[in-house]
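Visitor: Sequence first, then the predicted structure:
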Amino acid sequence: MITIEPITPIMAEPLAKLHAESFTDTVWTLEQIIGSLTLNTTCGWVAYANKQPMGFILCQLADEQAEILTFCVHPQNRRQHIGEQLLQQAIAAIRAENIKTIFLEVAADNSAACALYKKLGFKVNGRRKGYYRRGTSMVDAIYYSKIII
Ligand SMILES: CC(C)(COP(=O)(O)OP(=O)(O)OC[C@H]1O[C@@H](n2cnc3c(N)ncnc32)[C@H](O)[C@@H]1OP(=O)(O)O)[C@@H](O)C(=O)NCCC(=O)NCCS
């Protein structure tokens, strides 16, 4: 059974490991994870199965807007709707804060993440050419947003 619980700074080390195992690039260092978890403008959730973290999402909240800072599910636990549950949890919490818009940025070749964002009602609202490196080539960044009603 999957449970979704708020992130706490004590989780920084296992979450840094999970992040490193989940991304082939843009891996956050332990220091970056600790730095984010100790800011009072960030909030996040971890998905656990058998007390092991399977994925997490980290968001930054401002007065009017929220941003998804990072978000991942371990490769062995994908396609089980864990990412969707984490994103739904973040959206619900952001709505509860009375924030109306959520932003995020994703690599254009990240078809799994793009499909998930579209499924949950995010719309493309910008593109930055050649933002991510892929070996010797570059990939665009796509900016998504969702208006929370
Ligand atoms: C993106 C990511 C978090 C999705 O997590 P997940 O738990 O595997 O996704 P879910 O099982 O919740 O998928 C929910 C929906 O997203 C879409 N989706 C997810 N993975 C997909 C894939 N590989 N191909 C196509 N659609 C996909 C589908 O619409 C899916 O719904 P469905 O299963 O009913 O068709 C995961 O692939 C991941 O960690 N990727 C590496 C890190 C990353 O890219 N993070 C996002 C950076 S912006």
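Guide: Sure thing, it's come through. This structure is a prediction, so every number in the text was calculated from the model and none was measured. Residues are numbered from 1 along each chain as shown.
Visitor: Which residues are in contact with whichever residue of the chain sits closest to the ligand?
Guide: Using C-beta to the nearest ligand atom, the closest approach of the chain to the ligand is made by residue 83 at 2.5 Å. Where C-beta positions appear, they are placed from N, C-alpha and C, glycine not excepted. Contact partners of residue 83, counting by C-beta atoms under 8 Å, 6 or more residues apart in numbering, are 55, 71, 72, 73, 116.
Visitor: Rounded mean pLDDT for the helix or strand where it lies, please.
Guide: Assigned by DSSP states H and E, residue 83 belongs to helix 82-96. Average pLDDT, helix 82-96: 97.
Visitor: now do stretch 11-29
Guide: Averaged across stretch 11-29, pLDDT comes to 93.
Visitor: Can you give me the buried ones in it?
Guide: For stretch 11-29, the neighbour count (16 or more other C-beta atoms under 10 Å) marks 11, 12, 15, 16, 18, 19, 22, 28 as buried.
Visitor: Do the strand or helix carrying the second one and the ligand come into contact?
Guide: In this structure, residue 12 is located in helix 12-22 according to DSSP H and E. Yes - interface with the ligand: helix 12-22 contributes residue 22 (C-beta under 6 Å from any ligand atom).
Visitor: continuing past that helix, what's the next helix or strand?
Guide: Per DSSP H and E, the first helix or strand lying C-terminal to helix 12-22 is helix 30-37.
Visitor: And that next one, what does it pack against?
Guide: helix 12-22, strand 52-61 (3 or more C-beta pairs under 8 Å, 6 or more residues apart in numbering; DSSP states H and E).
Visitor: give the contact list for the most centrally placed residue in the chain.
Guide: Central residue of the chain (C-alpha atoms, centre = their mean): residue 71, 2.2 Å from the mean position. Contact partners of residue 71, counting by C-beta under 8 Å, 6+ apart, are 55, 56, 57, 58, 83, 86, 87, 104, 113.
Visitor: If the first one is in a bridge, with which residues?
Guide: Note on residue 55: beta-bridge partners by DSSP bridges are residue 47, residue 73.
Visitor: change the start of the numbering to 4 and stick with it
Guide: Done: numbering now begins at 4, and the last item shifts to residue 58.
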